[in-house]
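**Student:** Attaching a predicted model along with its sequence, questions to come.
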Amino acid sequence: MNIGLIAHDSKKTLMQNFCIAYRGILSKHNLFATGTTGRLIEEVTNLNIHKYLAGPLGGMQQLGAQIGQNDIDALIFLRDPLSAKPHEPNVNDVVRLCDMHNIPMATNLATAEVIILAIDRGDLDWREMYR
Ligand SMILES: O=C(CO)COP(=O)(O)O
């Protein structure tokens, strides 16, 4: 499966810890991330991640384009619920594109865990047929 990973700055440590905890599952899949998120995950795991540009510099659009092509099977997007981002329209567009293609998306840790465990059980294997 192709899994997208994005974290706002205040959630980057949480994303690192999530990826450490679920490294065994994540390592069986193709991982795609915005630049800084991807680099920080690689620093603490030895996961191999395809890194786009930094989110505010175009990385959100790059990952968004992959989502727009229905080529991401699940997105973990740990968002900062407390502060607006200068590139908010790109953030909203990524969410919109996930809804357009029925791509499972987590915006908090609880849902991220549900999705990653579902992937491991094979619950999302139907994605392979609809991609
Ligand atoms: O911009 C982001 C989310 O909106 C994340 O981008 P980075 O991973 O490059 O910080």
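**Tutor:** It's in.

**Student:** Can you check the pLDDT for the residue nearest to residue 83 when sequence neighbours are not counted?
**Tutor:** Leaving aside its chain neighbours, residue 83 sits nearest to residue 10 (7.8 Å; criterion: CB to CB, 6 or more residues apart in numbering). The way it works is simple: take the backbone N, C-alpha and C, and place the C-beta from them, glycine included. Model confidence at residue 10, given as pLDDT, is 96.

**Student:** so how far is residue 32 from residue 10?
**Tutor:** 22 Å (CB to CB, to the nearest Å).

**Student:** So for these two, which residue has more residues nearby?
**Tutor:** Neighbours per residue (other CB atoms under 10 Å) separate residue 10 from residue 32, with residue 32 holding more: 22 against 13.

**Student:** other SSEs contacting the helix or strand containing the more buried one?
**Tutor:** Taking DSSP states H and E as the criterion, residue 32 maps to strand 30-33. Contacts defined by 3 or more CB pairs under 8 Å, 6 or more residues apart in numbering; DSSP states H and E place strand 30-33 against strand 2-7, helix 35-44, strand 49-51, helix 59-68.

**Student:** Just list the residues touching residue 70, thanks.
**Tutor:** By CB atoms under 8 Å, 6 or more residues apart in numbering, the residues touching residue 70 are 101, 103, 130, 131.

**Student:** hmm, which of those residues are the buried ones?
**Tutor:** In those, burial by neighbour count holds for 101, 103, counting by 16 or more other CB atoms under 10 Å.

**Student:** Would you mind putting the contacts of residue 70 into a markdown table with secondary structure, distance to the ligand and pLDDT alongside?
**Tutor:** Listed next are the contacts of residue 70 as a markdown table, based on DSSP: H, G, I helix; E, B strand; the rest coil; distance: CB to the nearest ligand atom, whole Å; pLDDT from 0 to 100:
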| residue | secondary structure | distance to the ligand | pLDDT |
| --- | --- | --- | --- |
| 101 | coil | 19 | 96 |
| 103 | coil | 17 | 97 |
| 130 | helix | 26 | 76 |
| 131 | coil | 24 | 73 |
